[in-house]
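**Q** Using only what follows, build the 3D model:
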Amino acid sequence: QVQLVESGGGLVQAGGSLRLSCAASGRPFSRYFMGWFRQAPGKERELVAAISWSGSTTRYADSVKGRFTISRDNGKNTVYLQMNSLKFEDTAVYYCAADLGLRGPFPSEYAYWGQGTQVTVSS
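**A** Residues are numbered from 1 along each chain as shown. Reported below is the predicted structural model:
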């Protein structure tokens, strides 16, 4: 079992930046594949970025490539999502997710979830 708590969301103007953090507790964090998902009103939850336990493998949605960066600090049991050049369409609730092994882009592949943090980008 692992518990996840997101932070860092808020209101930002288009073109601005935010850094989301996801703090994990429970089983050894370094064993987990981590993902950031987002869900906008009326839309399905989608993968934004993901990172392997070592950080050697990362994945990004096409819509955020070149603007968002996922990273992790296993010593601090934390995964980050640096979001730059934010756009109105990035507005959503952002969720941190975790599971063992290599995971894909579907929410059903992740067993553990945080409560989410709201990101609102004003145009």
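**Q** Name the residue closest to the centre of this protein, please.
**A** residue 36 (2.1 Å; C-alpha atoms, centre = their mean).
**Q** then the helix or strand harbouring residue 69 to CSV, C-alphas only?
**A** Using DSSP states H and E, residue 69 maps to strand 68-73. Taking C-alpha atoms only, strand 68-73 is exported to CSV below (Å, rounded to 0.1, in the frame of the first residue of the first chain):
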residue,chain,number,x,y,z
PHE,A,68,6.1,19.7,-19.0
THR,A,69,8.9,17.7,-17.2
ILE,A,70,8.4,14.9,-14.8
SER,A,71,11.1,14.0,-12.3
ARG,A,72,11.4,12.1,-9.1
ASP,A,73,13.5,12.2,-5.9
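**Q** Residue 96 against residue 33, yeah?
**A** No: the criterion here is C-beta atoms under 8 Å, and residue 96 misses it with residue 33 at 11.8 Å. For glycine as for every other residue, the C-beta is placed from the backbone atoms N, C-alpha and C.
**Q** who has more neighbours, those two?
**A** More crowded of residue 96 and residue 33, by other C-beta atoms under 10 Å: residue 96, with 27 against 19.
**Q** What residues are bridge-paired with the more buried one?
**A** Assessed by DSSP bridges, residue 96 has beta-bridge partners residue 36.
**Q** List the contacts of it.
**A** The contact partners of residue 96, by C-beta atoms under 8 Å, 6 or more residues apart in numbering, come to 4, 6, 20, 22, 34-37, 79, 113-114.
**Q** How about residue 113, nearest residue that isn't a chain neighbour?
**A** residue 97 (5.2 Å; C-beta to C-beta, 6 or more residues apart in numbering).
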